Structures are given as C-alpha cells and as structure tokens.
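Colleague: turn this into a structure:
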Amino acid sequence: MVATLRTGLPPSSSECPEAARKPYVVISSVPLDLPGLTGEGTIAPHAVFRVIQGYRYFGSYGITNIVGGADGQACELRNAVRGPAGKGDYSFGDLGVLKAFAPDEKVAPAKAFDTLGQAAKYVDESSEFANVQRMLMSLEIKN
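Modeller: Just a heads-up that it's a prediction; the model follows:
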C-alpha cells in the first residue's frame, strides 16, 4: 500500500506539551488545487513530505492544510485536510499521523532515515517519491 484515502474524518485536536515536542522539517511542499478547503485556522492545501526527529528521522507524505506546529516543533504531524463544515476531514497519504516513534514501535509505513540528508535524497532522487507525489497531486474532491 502506497497511500490511503480516508474521508469524513472527525476533526481532531490534541494537546502537545512543550516537553513532548520534537523538531520537524518540511522536505517537500507543493500547492494543491483543492477549491473550498481553505477554512478558518488552515493554510492552502499542499502535498507534503515531512520528517520528525526521534531516535531516527521519520518521514511521511500526504496532503494537508493544517500547520504542523510552532517554531518547527510538534508532537505529531497530521496528513489531513480540514474539509468543509459538516463534511469531515480528508486524509490522503501513507500515514494519517506522523510522530517520533519509540524504538520498540512498528514504524512502517513511515519512512525511517539516519540523517536529514538521506530524507532529502529520497525526495530529490527517488522514483518512488516522484510517483507518489504525482498520485497525491491528482486528487480531486467533488462536492
């Protein structure tokens, strides 16, 4: 499985205490044309590949219109787009939520890298990522 499309998801908000925040980096961000999905508290939709730092660098791709976290720090990064009122949220990506995994947790389908450079190389040089990005960019939401 490369990516899963989920629709009608309930909005979520989670507490993120400062001590639990981990550094994250947006490696790739490409604007998406998804009309009607820029609402209050959101940004324009993008297809993204983001990496969060834990005992390794964990990466995930998907679509989002939700800011990851303040000052490059977050507890989790949601691959979700806030949908119109009454329609629910959309998720299209390899994971619904990316976090810094613990050493004993199952990481897949998240990507794991030893360095940020490896993550950037995956985005810049991988045919897998190029194909996934094309797929994410092809999403159309009909009303």
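
Colleague: need the three-state assignment for the residue lying closest to Val30 once chain neighbours are set aside.
Modeller: Leaving aside its sequence neighbours, Val30 sits nearest to Ala47 (Cβ to Cβ, 6 or more residues apart in numbering; 4.9 Å). Backbone N, C-alpha and C define where each C-beta goes, glycine included. What DSSP: H, G, I helix; E, B strand; the rest coil gives for Ala47 is strand.

Colleague: residues contacting Ala47?
Modeller: Contacts were defined as Cβ atoms under 8 Å, 6 or more residues apart in numbering; by that measure Ala47 touches Ser28, Ser29, Val30, Leu32, Tyr61, Gly62, Ile63, Gln133, Leu136, Met137.

Colleague: with Thr64 instead?
Modeller: Residues near Thr64 by Cβ under 8 Å, 6+ apart: Pro45, His46, Val48, Leu77, Arg78, Asn79, Ala80, Val81.

Colleague: ok, those residues vs Arg6, which is closest?
Modeller: Ala80 (8.4 Å; Cβ to Cβ).

Colleague: torsion angles phi and psi at that closest one?
Modeller: Recorded main-chain torsions at Ala80 are phi -140, psi 150, according to degrees, to the nearest 10.
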